[in-house]
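**Q** pasting the structure only:
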């Protein structure tokens, strides 16, 4: 499965800790991340990730394109809802595309944990039909 991992600056440490906790599950899948988040995850976990540009410099658009092409199975985006970002339209686009193409989408730790555990149990294999 293809999994996108994205985190706003204030959530990057939380994303690192999440990836440390679920390293054994995540290691079985193809991981993608925006530039800085990907680098931090690699440093903390040793996981191998394909990295997009930084979110505000086009990374979110790259994630969107992969969703539209049917090449993304799960998106975990730990975002900071209290501090709007200048690239907010790109963030909303990812959310809209996940809804449009039935891609599971987590924006907080609780949902991310549920989805990654489902991924481990094989409960997201229905995504294979979309490819």
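**A** Yep, it's here. Because the structure is predicted, anything quoted here is derived from the model rather than measured.

**Q** any idea which element residue 71 lies in?
**A** For residue 71, there is no host helix or strand (DSSP states H and E).

**Q** Just give the nearest non-adjacent residue to it, would you?
**A** Excluding the flanking residues, the one nearest residue 71 by C-beta to C-beta, 6 or more residues apart in numbering is residue 2, at 5.9 Å. From N, CA and C alone the C-beta is placed, and that goes for glycine too.

**Q** And that neighbour, how far from residue 17?
**A** Per C-beta to C-beta, to the nearest Å, residue 2 is found 22 Å from residue 17.

**Q** Looking at the two, which is more packed in?
**A** residue 2 (19 against 13; other C-beta atoms under 10 Å).

**Q** quick one: pLDDT of the more buried one?
**A** What the model reports as pLDDT for residue 2 is 96.

**Q** Next up, the contacts around it.
**A** By C-beta atoms under 8 Å, 6 or more residues apart in numbering, residue 2 lies in contact with 29-30, 32, 66, 71-74.

**Q** what does residue 10 give?
**A** Shown in contact with residue 10 (C-beta under 8 Å, 6+ apart): 80, 83.

**Q** and if you look at residue 72?
**A** Residues in contact with residue 72 (C-beta under 8 Å, 6+ apart) are 2-4, 32, 63, 66, 103.

**Q** can you pull out the strands in the protein?
**A** Using DSSP state E, the strands of the chain run over 2-7, 30-33, 49-51, 74-78, 105-106.

**Q** what distance separates the helix or strand of the chain with the lowest mean pLDDT from the centre of its chain?
**A** Ranking every helix and strand in the chain by mean pLDDT, DSSP states H and E puts helix 88-100 at the bottom, with a mean of 84. Distance of helix 88-100 from its chain centroid, counting by C-alpha atoms, centre = their mean, to the nearest Å, is 13 Å.

**Q** could you give the angle of that helix to strand 2-7?
**A** With axes from the mean of the first three to the mean of the last three C-alpha atoms, to 10 degrees applied, the angle from helix 88-100 to strand 2-7 works out at 150 degrees.

**Q** what does helix 88-100 rub up against?
**A** For helix 88-100, the external contacting residues (C-beta under 8 Å, 6+ apart) are 6, 55-56, 60-61, 63-64, 67-68, 75, 77, 79, 85, 103-105, 107.

**Q** Much appreciated, bye for now.
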